[in-house]
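**Student:** Pasting the sequence and the predicted coordinates here, then a few questions.
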Amino acid sequence: MTKILVIEDEESVRENIVDLLEAESFEILAAADGKIGVDLAVSEVPDLILCDLMMPNINGYEVLQKLHSQAATATIPFIFLTARTAKADLRKGMDLGADDYLTKPFTRSELLNTITSRLDKQVTTLKYISKTNKNTARFLPEFQIVKTCLLRTLAKRNLKEFQVHYQPIIDTNSGLIVAAESLIRWQSSELGLISPAELIPLAESTGLIIPIGEWLIKNVCNQTKIWQDAGYKNFYSTINISIHQLIQPDFVPKILKSLADNNLHSSSLELEITEGTIEQDVNTVINRMEELRSHGLKFAIDDFGTGRSSLIYLKQLPISTLKIDHYFIHNIDKDKQKSAITKGIIEMAHNLNLRVVAEGVETKAELNIVRLHNCDRTQGYLLSHPLPVTEFEELLLTNKRLTV
Ligand code: C2E
Ligand code: CA
Ligand code: CA
């Protein structure tokens, strides 16, 4: 029987998870704090751990670090439970080697899907380890294994394992697709599908984000030109850019070369950067952005509202677009505060001549509210998940529209 350890200080949440999982025939161990959790993990060696991030005394980060420092518990799949979608917290957790996260409150199916997909991946990983290096690799944290695979993939220049998916960005008024956000996918032949939440921090910490990012930019320029030539003349794509890419001395010439090689106008790209990115090296980031803007490139602030110094950057940075983080959009129709904050952000952005995109629109009720607040663009599962090229083209060709 699969054994799951639940570490959660809030009794009602803990009991709810335990009841749900016991009904699914998992064997459950429950801990009311981090210390009991670590002790239980060491003595029982569960198959998977669900752990709250914010707990008194030993928090979720410390639990993870303690488990990773011991061979017996280092490879147990570890899923964080967080109270909100604070990207910085999640990024820290993923950097420390967590395998996945769930944002509270989550549904029964979200909980079960996350657990099942993580257990499946662990089986693949263990099979891989037992094939490659029987004596030592068994004790390596999964982070190291994924890193080894990533290095091997890039060393072989096996870039076929990477794919770009596109998620439509819709003009809220007309409901038509006007742009797409490019999102990377890594289908590893050894490990299966690795999510960007896992890939990007790893690629950043190893420097591999540079070759991967270059590959992605070339690919997106090429694809955008194909769509423009097919008749979607004003169509543009957005690309997520990490600080490591932006501060490379040759970042600007490389972007310009990719545009020129594809005969693509610079206004066909919008670069998305997060507030966290800017915070890391404000001066270099501003200089680089100014330089790129002088060549006609546009910028969006991504995940707006989740960083710390948002308003200062609005004044300082050469940006065209704000993307409101899905935290504010999720259940906006039921939450008056989220609605008020979103309305305020949109009005402020319009006064600054910025365009606003609502991220993560999942329901018609949410769409109704962002439309009521005059949000220019929407993006989210309501119209479409991110899609491979051919499926995205079908959406374009059928003129699929988002209507209320
Ligand atoms: P992001 O830039 O905020 O991208 C949006 C994420 O939200 C995507 O996750 C997308 O699949 C997801 N999403 C879209 N609509 C909805 C919705 O309605 N509801 C919910 N809950 N989620 C929605 P994805 O593709 O897993 O990417 C995660 C993050 O990884 C991205 O967040 C971005 O920060 C990073 N990332 C992805 N591709 C790249 C890349 O090529 N380069 C860099 N530097 N970062 C990337
Ligand atoms: Ca983005
Ligand atoms: Ca975002």
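**Tutor:** Looks like it arrived, so ask away. Keep in mind that this is a model prediction, so the values were computed, not measured. Ligands and ions are numbered 1, 2, ... in the order given.
**Student:** How is the protein partitioned into domains?
**Tutor:** 3-129, 147-397 (automatic domain parsing).
**Student:** For those, which has the smallest mean pLDDT value?
**Tutor:** Mean pLDDT is lowest for domain 3-129 out of the domains of the chain, coming in at a mean of 86.
**Student:** Centre of the chain to it, how far?
**Tutor:** Computed by CA atoms, centre = their mean, to the nearest Å, the chain-centroid distance of domain 3-129 equals 19 Å.
**Student:** Check the contact between Leu314 and Leu352; I expect there is one.
**Tutor:** Yes. If you go by CB atoms under 8 Å, Leu314 and Leu352 touch, sitting 6.3 Å apart. Using the backbone N, CA and C atoms, a C-beta is placed for each residue, glycine as well.
**Student:** So for those two, which residue has more residues nearby?
**Tutor:** Leu314 (16 against 11; other CB atoms under 10 Å).
**Student:** Helix or strand for that one, just tell me which one.
**Tutor:** Using DSSP states H and E, Leu314 sits in helix 310-316.
**Student:** can you check Ile49 too?
**Tutor:** strand 48-52.
**Student:** Near ligand 2, which residues of the stretch 301-404 of the chain are found?
**Tutor:** Asp302 (CB under 5 Å from the ion).
**Student:** Could I get the full set of strands for the stretch 301-404 of the chain?
**Tutor:** Counting by DSSP state E, counting those that start in this stretch, one finds strands in the stretch 301-404 of the chain at the ranges 321-324, 355-358, 377-378.
**Student:** so what secondary structure elements neighbour the helix holding Leu314?
**Tutor:** In terms of contacts (3 or more CB pairs under 8 Å, 6 or more residues apart in numbering; DSSP states H and E), helix 310-316 is packed against helix 275-280, strand 298-304.
**Student:** Please name the strands paired to the last one in the sheet, noting orientation.
**Tutor:** Put plainly, it is strand 298-304. strand 269-274 (parallel), strand 321-324 (parallel) (DSSP bridges).
**Student:** Out of the ones you listed, indicate the one that is most buried.
**Tutor:** strand 321-324 (a mean of 26; mean count of other CB atoms under 10 Å).
**Student:** residues making contact with that strand?
**Tutor:** Here strand 321-324 makes contact (CB atoms under 8 Å, 6 or more residues apart in numbering) with 270, 272, 298-305, 314, 342, 345-346, 349, 354-359, 375, 379.
**Student:** Export that strand to CSV, keeping only CA atoms.
**Tutor:** The C-alpha coordinates for strand 321-324 follow below in CSV (Å, rounded to 0.1, in the frame of the first residue of the first chain):
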residue,chain,number,x,y,z
THR,A,321,2.0,45.8,-20.7
LEU,A,322,1.0,44.6,-17.3
LYS,A,323,0.0,41.0,-16.8
ILE,A,324,-2.1,40.7,-13.6
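**Student:** How about it and ligand 1, touching?
**Tutor:** No. Figure legend: strand 321-324 not in contact with ligand 1 (CB under 6 Å from any ligand atom); closest approach 7.4 Å.
**Student:** OK, contacts around the residue of the stretch 1-150 of the chain found nearest ligand 1?
**Tutor:** Here the stretch 1-150 of the chain gets closest to ligand 1 at one residue, Lys87, 7.6 Å apart by CB to the nearest ligand atom. Lys87 is in contact with Thr274, Gly276, Asp303, Thr306, Asp325, counting by CB under 8 Å, 6+ apart.
**Student:** how about a cut-off of 10 Å?
**Tutor:** Ala197, Thr274, Glu275, Gly276, Asp302, Asp303, Thr306, Gly307, Asp325, Tyr327 (CB atoms under 10 Å, 6 or more residues apart in numbering).
**Student:** do the same with Lys233
**Tutor:** Lys233 makes contact with Trp227, Ser268, according to CB under 10 Å, 6+ apart.
**Student:** May I have the phi/psi pair for it?
**Tutor:** Phi and psi for Lys233, reported as degrees, to the nearest 10, are phi -60, psi -40.
**Student:** Equivalent analysis for the one 5 residues further on, please.
**Tutor:** When quoted as degrees, to the nearest 10, the phi and psi of Thr238 stand at phi -110, psi 150.
**Student:** can you check the one 3 residues further on too?
**Tutor:** Ile241 has phi and psi values of phi -120, psi 130 when expressed as degrees, to the nearest 10.
**Student:** For it, which non-adjacent residue is spatially closest?
**Tutor:** Leu271 (4.9 Å; CB to CB, 6 or more residues apart in numbering).
**Student:** tell me the contacts of the one you found?
**Tutor:** 217, 238-241, 245-246, 255, 288-289, 292-293, 297-300, 302, 319.
**Student:** now do Tyr61
**Tutor:** Contacts of Tyr61 (CB under 10 Å, 6+ apart): Gly34, Cys51, Leu53, Met54, Phe80, Asp89, Lys92, Gly93, Asp95, Leu96, Ala98.
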